[in-house]
Structures are given as structure tokens and as C-alpha cells.
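Participant: need coordinates for the below:
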Amino acid sequence: MKTKYKSALILLLILAIILSLTVLIFISGCGGRGIDIVSGDDNDDNDIAQPTSSAEAGTDDETETTEFSVNSSDINEKELMSMTTSDREAFVAALDEKYRERFKSLKVSKSYKSVKNHNPLITQRFGADPFAMVYDGRAYVYTTNDVYEYENGKIKSNSYGKINTINCISSADLVNWTDHGTIPVTQIAKWASNSWAPCAAWREVDGKVKFFLYFANSAGGIGVLEADSPTGPWKDPLGRALITKSTPNCADVTWLFDPAILIDDDGSAYLYFGGGIPGEQYAHPKTARVVKLKDNMISLDGTPVTIDAPFFFEDSGINKINGKYYYSYCLNWNDDVNEKNPAKANIAYMVSDSPMGPFTYVGTFLQNPGVFFDGLYGNNHHSVIEFKGQCYVFYHAMYLEKKINGKSNGYRSTHVNKVKINDNGTIAQVQANVTGVDQVEYLDPYAWNEAETISFMGGVETAKTTEKSPNFFNANMVAQVSKGGFICVQGVDFGDGLGTAGLKVRVASGSSKGSVIKVSLDSRTGDAVAYVEVPSTGGKTTYTDIIVPVKNITGVHDVYFSFWGDDFRMDGWQFLSE
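Facilitator: Below you'll find the predicted structure:
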């Protein structure tokens, strides 16, 4: 018996020594904090993203381990700054040892964009009929929020009848786009049943900057909303439509829709609208209109004037370029194409010395999207802006929907490409493509960045939140992530100074198991520069800030946030410098 007790005692002593050594090693490498988790990998250029309207992609295999618990590895900023570079490197290395292989094993969500292709602008929602407005160094793009329509459980052709919200996104660099969510137009303007083809403008009214959002109530009239910021909140100042069939010189306009707005150099505002073909008047429909607005931007200052745009169909656009007024529009679908009738459904333009015309026809500059995107012909809609020294044209195409579903039922997404104004004032033909445009400026990682600012992603949706945004007024969204999801932000300039010390993220989690974010540079499968362990915060709407050490980073990089875990959201992020 004594021998048995002695053997058992020796065995227990050995186990205790092993356990003690294990704890000491973990504490020295990871500061006493750690979790157990699993994750994965795939080729960046072949990612195919899952938009909000489709089923979730990228869940892991049933055989993978999913049970884990999180003890958050965050520290406070004072602790962070007291760490040496070697301390921070060791901190990240310890977590990398724990999670590296598990992230490699994770089935990654697909993405419909890649590091090389910047079109369409976003993939979490569709967005048609774009109008771009420049304000405070950013391009704000408002679009018709195409939503799937179903019949017997299957997606059917887009009738546009279910559309009653407008999307708002913005960017300072034309590559990383911030999602400001949808504007519930028909909840605000209760007289309206639809919200199509928006346009927007800003100006001072009674000494205060105001924003105005014009929209089409189907084809039956033009409404206007008003706000104190480009992202809202919006109100209906009139309680009725601004333009209807009873408006003088509008009774014969087939479609009262597709507004465009111009604020001239002297502060005068002009609204352009209209569409359709009365009878067989293909060559000269005379259904385009322009009207001057009063200074309050919500009242007409005179009677709308007819614009005799040859082969006009829809989609008014207006720009002032080198002192001339360029009225652009979509040609109709008449099949009788000849030297006097340009190709159908292209974007044409006319020029005048006055915003009210008369306008002289010049030619076309943007072919139908079907020419560029797999023969997917459809209605054509555009908006031209000058932004940071270059002209751009925004337009829509059905490319994204076909990538998702293998065919198109008329659901559209916004693209952007450069447009050149020739020395003689003509507009060069635009070459539309999925490559899009170059980033016009780098993103600052040391400023607060919204998590819904995305170049491309997979397995991520965006959701409204009551959290206040330091950047975008009262409007704020969050990235709602799923296991295997990721976000890429491109062209992030860390500078050439001392580099980074830490990363702060604002997150919320309702999972009792917790979640993990892997941060890497220039590739989702690259080496981690940080890991963020996200414990349960008490719910996916209960947010907390977490600070973690980061490897030293300098220079310009693409930053990837890869996610493991469910039922959690990320509101924003900010790198902290040495």
C-alpha cells in the first residue's frame, strides 16, 4: 500500500510541475490572457462576396471545433505605451502561435470584388441611378435601392415597384466607400409610394448649410427632402410633391422623374427632370424640362422650360464646365439608328451658354453598360462630377447581380470610371470596366475609421446603430460580421516615422463564446500584425473599446480584418502611433 501511495504522490507531483511550467510559459508570452479559437484562408483575387440579399456564405465545416471561450486580451493605452517594441512583437507572436493554423483552416466567405477591381462601389446592397455630390472633401453618392422581388420563392424581374428607400455612401478616395445606410423616403414623405433616381445639393439657407435630396415618386412627380447634413436625418419640408402633372408645362411630360440639380456660381439653383416618348415622337420627344428654384430650394421660381433633346428618353444630368452648361441624358431605344440617330440608350450631351438653354446637341460619351458588361443591356443612368482635379462618371450596370445569380433580372449596382474633357470642350468616350479608378488619396489609419468603410469584403453586412459617429454626424452604421468574413481597406498610409504601437476597435458581441479578429497587411492570408479577442459584451448592441498591441508598421499597405465568431459587430477602428 505504501508503494502505491508513493507512486500516486510522485505522479501528482509531476503533473503539478508540468501544469505550472505551462502556465508560466503562457503568461510570459501572452500577458496571462488567451482564448481558444479556429479560422482560415483563400486566394484574394478569386474571392466572391456574399451581398446582404443572398444567403450567408463561408460557414465552417461541421467537423471543426467551435466551442471556445474568450478572456479579452485588451490593455489600456497607458499600459500599451509602456511596452517596448519587443514586448508588443512577443504579445502578437504568442497569439499568432495560438490562432495561425486555425485561421488557415477556416472556410472564408466569398467576395465579388478583389484587390484589383474597384467596381462596383459596394457589394452589400444593390444601388442604381447614381447621383454624386461633392461636399467637404468627400464624394457622396445617392442611389436607388434596388431590392429583390420574389415570385413563388424565386427572384423575379425588377419591376422597381418595391423601391422606397435611397442608399447613401461616401468616399474621400473613390476606393474605400463608407456605407451610410438607407434613407426611408416613403416613411418620411408619407405621400410618396416610391423613391427612384435621387439627386442632391447643398447650399447656405439663412446663414446655415442645408442639404436637399430630390427623388422621383415612381414616374408621377418629384419630391424633396431636407437635412442639416449629407447623411440626414431628413425631413419632408413640403408634405407633398414639388413637381406634378399640374405644374405648368408638365402635363405633357410622360414621366415626371430622374431629377438633376445644378447650383450655379452665383448661387442660383436649377432642377432638370422628365422622360418618356409621347406616341411615336422618337426624334423629338420634348419631355425634358428645366426650372429655376427659389433660394429656399423647395419652391419653383418660374415655369419649367422645355429642352428639345434629340431622341431623349430619361436620365437628366447637368454640369458647368469651363463656363459652358452641359446637359446630358439617356437616348431612347428607337431601332432606326442612322447618322441623325445615335446608338440606342447611350449617354448623349448638349451644350449651352445658359442653364435654361437653348442647348445644342454635340454627341455621346458613354455607351450602354451592355457593351462593356457581358451584353447586359438595360436602362442607362449617369452622374458626372469633378473631384480632386479629375472628372468622373458614375453609372450603373447589372454585372454584380449576374456574378451572384448567374443571370440578371434587372438589379443594378453603381460603378465609376474617369471621363476626359477634351481641349475643344467635347467629352471623350468613356471606357467602362470593373477595374474602376485609382485611389486619389491615402487613408489615415491614425484617425477614427468606420468599420463600414470598405474597399471589398466577404461575409459582411452593414446594420444601423444608435452609436454616434465622430465623422458622419448622427448617421452611423456598423459592420455585422460572420465567421469567415473579412474586410479590406486599401491604400492605408502608416507613414515613415516611428510606426504603430496599438490598435483600438469598438465592438459588440452577444456570443458567450467570444470572437477573434485577425489583422494582416496586403493579403488576408498574410502574417498577422495583431489579434483582437472579443469577449461577450452583453449583446450585439452593447459596444466597448478594446486596445491591443500591434507589430510595428510603416509605409502604405492594404489592411485586412478577418473574423472568427458569430453574433458580433464592429463599429470602428483606429491605429495608435508610438
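
Participant: how far away is Ile383 from Thr414?
Facilitator: Check again: residue 383 is Ser, not Ile. 9 Å (Cβ to Cβ, to the nearest Å). Yep, even glycine has a C-beta here, placed from its N, CA and C like the rest.

Participant: helices of the protein, start to end?
Facilitator: Per DSSP state H, the chain carries helices over the ranges 2-30, 77-82, 85-104, 185-188, 369-372, 399-405.

Participant: quick one, grab the pLDDT at the residue nearest to Phe373 when sequence neighbours are not counted.
Facilitator: Once flanking residues are discounted, Phe373 sits nearest to Tyr399: 4.4 Å by Cβ to Cβ, 6 or more residues apart in numbering. With respect to pLDDT, Tyr399 has a value of 98.

Participant: verify the contact between Leu400 and Ser408 for me.
Facilitator: No - between Leu400 and Ser408 there is no contact under Cβ atoms under 8 Å: 9.3 Å.

Participant: neighbour count winner among the two?
Facilitator: Leu400 (29 against 23; other Cβ atoms under 10 Å).

Participant: from Leu503, how far off is the closest residue to that one other than its chain neighbours?
Facilitator: Of all residues not flanking Leu400 in the chain, Ser413 sits nearest, at 4.1 Å (Cβ to Cβ, 6+ apart). Distance of Ser413 to Leu503, given as Cβ to Cβ: 32 Å.

Participant: ok, Asp301 next?
Facilitator: In terms of Cβ to Cβ, Asp301 sits 53 Å off from Leu503.

Participant: neighbour count: the two, which is higher?
Facilitator: Neighbour count, other Cβ under 10 Å: between Asp301 and Leu503, Leu503 has more, with 26 against 13.

Participant: now do the contacts for that one.
Facilitator: The contact partners of Leu503, by Cβ atoms under 8 Å, 6 or more residues apart in numbering, come to Val519, Ala530, Val532, Ile547, Val548, Val550, Trp573, Gln574, Phe575, Leu576.

Participant: looking at it, the first one is touching Phe561, isn't it?
Facilitator: So that's Val519. Yes - the pair Val519 / Phe561 is scored as a contact, 5.9 Å apart, by Cβ under 8 Å.

Participant: these two: who's more crowded?
Facilitator: Neighbour comparison, Val519 and Phe561: the larger count goes to Phe561, with 26 against 23 (by other Cβ under 10 Å).

Participant: domain assignment for this structure?
Facilitator: Listed by automatic domain parsing, the domain ranges of the chain are 44-113+441-577, 128-418.

Participant: mean pLDDT lowest where, among the ones you listed?
Facilitator: domain 44-113+441-577 (a mean of 84).

Participant: touching both of Ser383 and Thr414, which residues are there?
Facilitator: Listed as contacting both Ser383 and Thr414 by Cβ under 8 Å, 6+ apart are Pro130, Val141, Phe394, Tyr395.

Participant: what is the nearest of those residues to Asn471?
Facilitator: Val141 (16.6 Å; Cβ to Cβ).

Participant: who touches the closest residue to Asn332 other than its chain neighbours in this structure?
Facilitator: Leaving aside its sequence neighbours, Asn332 sits nearest to Phe313 (Cβ to Cβ, 6+ apart; 3.6 Å). Listed by Cβ under 8 Å, 6+ apart, the contact set of Phe313 reads Gly275, Gly276, Ile277, Pro285, Tyr329, Cys330, Leu331, Asn332, Trp333, Ala345.

Participant: how close does Phe313 get to Asn433?
Facilitator: For Phe313, the distance to Asn433 - Cβ to Cβ - is 24 Å.

Participant: swap in Gly363?
Facilitator: Taking Cβ to Cβ, one finds Gly363 at 21 Å from Asn433.

Participant: about what we covered before: could I get the contacts of Phe313 as CSV with neighbour count and distance to Asn319?
Facilitator: As requested, those are exported to CSV (neighbours: other Cβ atoms under 10 Å; distance: Cβ to Cβ, whole Å):
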residue, neighbour count, distance to Asn319
Gly275, 25, 19
Gly276, 19, 23
Ile277, 21, 25
Pro285, 25, 22
Tyr329, 30, 12
Cys330, 26, 15
Leu331, 25, 18
Asn332, 20, 22
Trp333, 14, 25
Ala345, 23, 20
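
Participant: narrow the residues you listed to those in strands?
Facilitator: Mapping the contacts of Phe313 onto strands (DSSP state E) picks out Tyr329, Cys330, Leu331.

Participant: what are the bridge partners for the first one, then?
Facilitator: For Tyr329, the beta-bridge assignment (DSSP bridges) gives partners Ala348.

Participant: which residues touch it?
Facilitator: Counting by Cβ under 8 Å, 6+ apart, Tyr329 makes contact with Ala288, Ala309, Phe312, Phe313, Glu314, Asp315, Ser316, Gly317, Ile347, Ala348, Tyr349.

Participant: and the buried ones among those residues, selectable in ChimeraX?
Facilitator: Selection of the buried residues among the contacts of Tyr329 in ChimeraX, burial being defined by 16 or more other Cβ atoms under 10 Å:
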select :288,309,312,313,314,315,316,317,347,348,349
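
Participant: ok, so of the contacts of Tyr329, who is nearest Glu441?
Facilitator: Among the contacts of Tyr329, and counting by Cβ to Cβ, the member closest to Glu441 is Gly317, at 25.7 Å.
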